[in-house]
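**Q** everything below, folded, please.
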Amino acid sequence: MERINCILKDKEFNMYLKNNEELEEDRIFCHHDITHFLDVCRVATIINLERGLNIDKELIYATGLLHDIGRWVEYKTGKDHAILSADLSREILKRCGFTKGEIEKIDLAIRSHRNKEHSTDLSNILYEADKLSRPCVSCKSKDKCKRFLSGEVYTLKY
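**A** Below is the predicted model:
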């Protein structure tokens, strides 16, 4: 997990986290912070183990940690945070020693994490973990959340 600890110490990564935090200070819905990122990593790891997918844990953690780092830019510009997060993550991944092939896999998963249809196992588990990691059971804004206004029913799985 040396490369993951490199991400956690990365100056830009921490700046992006701080930007998310500042712009979500008054947000009543889920935040895109380190707690969410780590929850996504852990749920994705469980899914990986349960399904016997054998995806490298560092790929899962890198993807989970970086999947929403562009959220702050979306708040300012309206551009899709999935694409922004994928773009912002590339230099961090390079600095932390990920190979070109690993960066491409992580990039694809982050870029597509808002879509239901995925072409890779990493993309699929990121999508699922992102949804399943939310603490909806204790949310005070559940009655205003678009997930539940559309008829979704919360069930705890992990």
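
**Q** tally of neighbours for the spatially closest residue to residue 41 that is not a sequence neighbour?
**A** With sequence-adjacent residues excluded and distances taken as Cβ to Cβ, 6 or more residues apart in numbering, residue 41 is closest to residue 64, at 3.5 Å. The C-beta positions use only the backbone N, C-alpha and C, and glycine is treated the same way. Residues lying near residue 64 (other Cβ atoms under 10 Å) number 29.

**Q** mind listing what residue 64 touches?
**A** 37-38, 40-41, 44, 126, 129 (Cβ atoms under 8 Å, 6 or more residues apart in numbering).

**Q** which stretches of the chain form helices?
**A** 2-9, 11-23, 34-51, 57-66, 71-77, 81-95, 100-111, 121-132, 146-149 (DSSP state H).

**Q** now for those, which one comes closest to residue 156?
**A** helix 121-132 (8.7 Å; Cβ to Cβ).

**Q** specify the angle between the closest one and helix 34-51 in degrees.
**A** For helix 121-132 against helix 34-51, the angle by axes from the mean of the first three to the mean of the last three Cα atoms, to 10 degrees is 120 degrees.

**Q** what's helix 121-132 in contact with?
**A** 39-41, 43-44, 47-48, 51, 53, 55, 59-60, 63-64, 67, 105-106, 108-110, 112-116, 118, 157-158.

**Q** any idea how far that helix is from the chain center?
**A** 9 Å (Cα atoms, centre = their mean, to the nearest Å).
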